[in-house]
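Enquirer: need coordinates for the following:
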Amino acid sequence: MVDLVDFFQKLNPIIQAFIATLFTWGMTALGASLVFATKTINKRLLDSMLGFAGGVMIAASFWSLLAPAIEMSEDNSIGNWFPAAFGFLLGGIFLWGIDKILPHLHPNTPISEAEGFYPKERKRSTLLVLAITLHNIPEGLAVGITFGALANGGTEASLVGALTLALGIGIQNFPEGVAVSMPLRAEGMSRRKSFFYGQFSGMVEPIAAVIGALAVAFVEPLLPYALSFAAGAMIFVVVEEVIPSSQQHGNKDLASMSLMVGFVLMMILDVALG
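Expert: Residues are numbered from 1 along each chain as shown. Model prediction:
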């Protein structure tokens with residue numbers, strides 16, 4: 001195990017980001033694999049899982065992304081708050097724009113509420129996958145950016161922080177895989193196809209991670225802006241998609257408490273390990 005850790009530490013940060021997001025993709029596939037065990041899942045359980053995922057994302061946005069961005073910006077002529085504020089808003093605007101263009105359907109919603117251009121021409125399965133894919137883009141960017149920062153003189157603590165973020169993203173990817181595969185299975189799709197669509201939504205994360213790592217590895221001044229950009233994109237996803245989806249079955253209190261548990265868990269992981 002020690003040799004494996006040493007081997008990983010010696011890899012290029014871009015390769016590290018790719019490997020880390022293979023893990024997060026794998027967690028999405030693990031969640032989707034539940035379709036092989038059951039055709040449906042308890043709605044209270046699914047809502048609590050979605051709430052938990054939202055809490056992890058909110059905590060990761062601050063502890064792993066915004067806080068480091070502010071610390072890196074002490075010498076900014078405008079103020080150390082500027083890169084974080086600018087990047088955060090830009091990330092939200094970017095996801096808002098994609099949300100208006102890309103046809104997609106949020107989990108737990110009827111197809112009549114699909115969003116984006118020409119959503120009625122798409123199948124429900126495609127719309128659901130596109131929604132979670134949209135969700136996974138900022139997550140992949142976040143992991144890639146934190147690993148890419150290691151190329152600019154990151155320490156062992158920075159590596160642990162990047163691994164912690166990947167672990168947190170992976171944990172919350174599990175319910176995302178469930179949220180795609182289970183509704184498709186309940187509608188009569190085969191287990192194999194339901195699993196395929198569920199895991200496919202996480203495939204974008206390694207791609208986004210490599211893009212994020214490349215961007216900050218070679219353009220160091222971009223780093224605080226990139227970190228806060230990923231944070232803004234993730235918060236937009238939580239507020240626009242994850243929280244509403246977790247509260248559509250009347251389990252608002254359960255989903256809210258699950259969100260708080262997810263937030264605390266990610267905070268502990270980040271502060272204790274990173």
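Enquirer: residue contacts, residue 69?
Expert: Going by CB atoms under 8 Å, 6 or more residues apart in numbering, residue 69 touches 83, 84, 87, 223, 224, 225, 227, 228, 231. Backbone N, C-alpha and C define where each C-beta goes, glycine included.
Enquirer: measure the last one to residue 63 for me?
Expert: So the one you mean is residue 231. 10 Å (CB to CB, to the nearest Å).
Enquirer: more neighbours, the two?
Expert: residue 231 (31 against 23; other CB atoms under 10 Å).
Enquirer: which residues touch the more buried one?
Expert: Neighbouring residues of residue 231 by CB under 8 Å, 6+ apart: 61, 62, 65, 66, 69, 84, 87, 88, 91, 142.
Enquirer: can you redo those as TSV, where the extra columns are distance to residue 236?
Expert: Shown next, in TSV, are those (distance: CB to CB, whole Å):
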residue	distance to residue 236
61	10
62	14
65	13
66	14
69	17
84	15
87	13
88	10
91	7
142	13
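Enquirer: closest one of these to residue 22?
Expert: residue 142 (15.4 Å; CB to CB).
Enquirer: just the pLDDT at the closest one, thanks.
Expert: Looking at residue 142, its pLDDT is 88.
Enquirer: could you do residue 57 as well?
Expert: Value listed for residue 57 in the pLDDT field: 88.
Enquirer: quick check: the residue of the chain most remote from its centre vs residue 83, distance?
Expert: Note on the chain: the largest C-alpha distance from the chain mean falls to residue 77, namely 31.7 Å (CA atoms, centre = their mean). Distance, residue 77 to residue 83, using CB to CB: 11 Å.
Enquirer: now residue 53
Expert: 27 Å.
Enquirer: more neighbours, those two?
Expert: Ranked by neighbour count (other CB under 10 Å), residue 53 and residue 83 place residue 53 first, with 30 against 24.
Enquirer: what's near enough to touch that one?
Expert: Contacts of residue 53 (CB under 8 Å, 6+ apart): 172, 173, 175, 176, 242, 262.
Enquirer: that one sits in which helix or strand?
Expert: helix 43-59 (DSSP states H and E).
Enquirer: secondary structure class for residue 188?
Expert: coil (DSSP: H, G, I helix; E, B strand; the rest coil).
Enquirer: so what pLDDT did it get?
Expert: 80.
Enquirer: please apply the same query to residue 90.
Expert: So residue 90 comes in at 95 (pLDDT).
Enquirer: would you mind measuring from the closest residue to it other than its chain neighbours to residue 222?
Expert: Of all residues not flanking residue 90 in the chain, residue 229 sits nearest, at 5.5 Å (CB to CB, 6 or more residues apart in numbering). According to CB to CB, residue 229 stands 9 Å off from residue 222.
Enquirer: got it, and residue 64?
Expert: In terms of CB to CB, residue 64 sits 17 Å off from residue 222.
Enquirer: the helices in the stretch 1-150 of the chain, which residues?
Expert: With helices called from DSSP state H, counting those that start in this stretch, the stretch 1-150 of the chain shows them at 2-9, 13-32, 43-59, 67-71, 82-101, 124-148.
Enquirer: any idea which of the ones you listed is most buried?
Expert: Greatest average neighbour count among the helices of the stretch 1-150 of the chain goes to helix 124-148 (a mean of 27), per mean count of other CB atoms under 10 Å.
Enquirer: sorry, back to before: more crowded one of residue 229 and residue 222?
Expert: Legend: neighbour count by other CB under 10 Å for residue 229 and residue 222, higher for residue 229 (31 against 17).
Enquirer: tell me the pLDDT of the more buried one.
Expert: 90.
Enquirer: what does residue 118 give?
Expert: At residue 118, the model reports a pLDDT of 56.
Enquirer: same question, the one 10 residues further on
Expert: Residue 128 is assigned 69 on the pLDDT scale.
Enquirer: now residue 138
Expert: Looking at residue 138, its pLDDT stands at 87.
Enquirer: wait, it sits on residue 237?
Expert: Yes. Counting by CB atoms under 8 Å, residue 237 is a contact partner of residue 138 at 6.3 Å.
Enquirer: and the residue nearest to residue 90, that's in a strand?
Expert: No. Under the criterion used here (three-state DSSP), residue 229 is helix, not part of a strand.
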